[in-house]
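**Q** Got a predicted structure plus its sequence, pasted below:
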Amino acid sequence: MSFTTVKKELNKLDKAKLIALMGDLYKKHKNVQEYLDHFANPDEDALFEKYKERVIQAFFPLRGWDYDLRKGKQAISDFRKLEPLPWQLADLMLVYVETGVEFTNQFGDINETFYNSLESVYHQTLKLLKKERLLPKFEKRLRKVLTDTSDMGWGFHDTLSDYFFEYFDEA
């Protein structure tokens with residue numbers, strides 16, 4: 001079924017039935033609830049903090065000890081769907097990388113898949129920052145990631161450095 005078909009059916013409903021349908025969706029689907037809450041009361045700072053905590057818990061869960069990169073990336077994806085300001089999305093993406101680096105510094109060398117994920121998000125962050133002309137605002141944090149990874153294995157630091165210097169010329 002396409003949205004065009006759904007839209008035709010929605011157009012047949014009166015206002016009360018549409019509100020009832022939205023209420024039903026709100027009650028049954030957490031992601032719809034979150035989206036509509038944000039729509040009705042767009043508290044950007046609280047929303048960012050919520051997703052930042054989700055990213056951090058992907059590496060440092062409240063229970064247990066094992067990281068879950070999927071949860072961290074899912075938090076970024078879910079946040080993106082709420083259409084935050086570009087700098088907030090970039091900030092959250094960088095939190096993912098910074099937290100992964102902190103995890104490595106606390107627990108030692110991880111594995112190639114782990115580092116590939118962090119590298120990918122770091123590169124996506126740089127692309128977003130360049131597109132939005134926000135590179136200078138984040139340069140200090142981006143450089144700190146390089147400093148904090150200088151002794152890490154799997155070519156992690158080298159790859160991050162390559163990405164960094166694609167976007168920041170050292171003349």
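**A** Good, I have the coordinates.
**Q** so where do the helices sit in the protein?
**A** 3-12, 15-28, 30-40, 44-59, 69-81, 86-107, 112-131, 135-148, 156-167 (DSSP state H).
**Q** Let me have the ones you listed in a markdown table, extended by mean neighbour count.
**A** All C-beta spots, glycine's among them, are computed from the backbone N, C-alpha and C. Below are the helices of the chain laid out as a markdown table (neighbours: other Cβ atoms under 10 Å):
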| stretch | mean neighbour count |
| --- | --- |
| helix 3-12 | 9 |
| helix 15-28 | 11 |
| helix 30-40 | 13 |
| helix 44-59 | 17 |
| helix 69-81 | 16 |
| helix 86-107 | 20 |
| helix 112-131 | 18 |
| helix 135-148 | 14 |
| helix 156-167 | 17 |
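**Q** any chance of those in a markdown table, plus mean pLDDT?
**A** Formatted as a markdown table, those follow (pLDDT from 0 to 100):
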| stretch | mean pLDDT |
| --- | --- |
| helix 3-12 | 82 |
| helix 15-28 | 82 |
| helix 30-40 | 78 |
| helix 44-59 | 94 |
| helix 69-81 | 96 |
| helix 86-107 | 96 |
| helix 112-131 | 96 |
| helix 135-148 | 97 |
| helix 156-167 | 96 |
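**Q** how about stretch 123-135 as CSV, C-alpha atoms only?
**A** Below are the C-alpha coordinates for stretch 123-135, written out as CSV (Å, rounded to 0.1, in the frame of the first residue of the first chain):
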residue,chain,number,x,y,z
HIS,A,123,33.5,10.7,9.0
GLN,A,124,29.7,11.2,8.7
THR,A,125,30.0,13.9,11.4
LEU,A,126,32.7,15.7,9.4
LYS,A,127,30.5,15.6,6.3
LEU,A,128,27.5,17.0,8.1
LEU,A,129,29.6,19.7,9.7
LYS,A,130,31.1,20.7,6.4
LYS,A,131,27.7,20.8,4.7
GLU,A,132,26.3,22.9,7.5
ARG,A,133,29.4,25.1,7.7
LEU,A,134,29.9,24.2,11.3
LEU,A,135,33.4,22.7,11.2
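**Q** Good, we can wrap up now.
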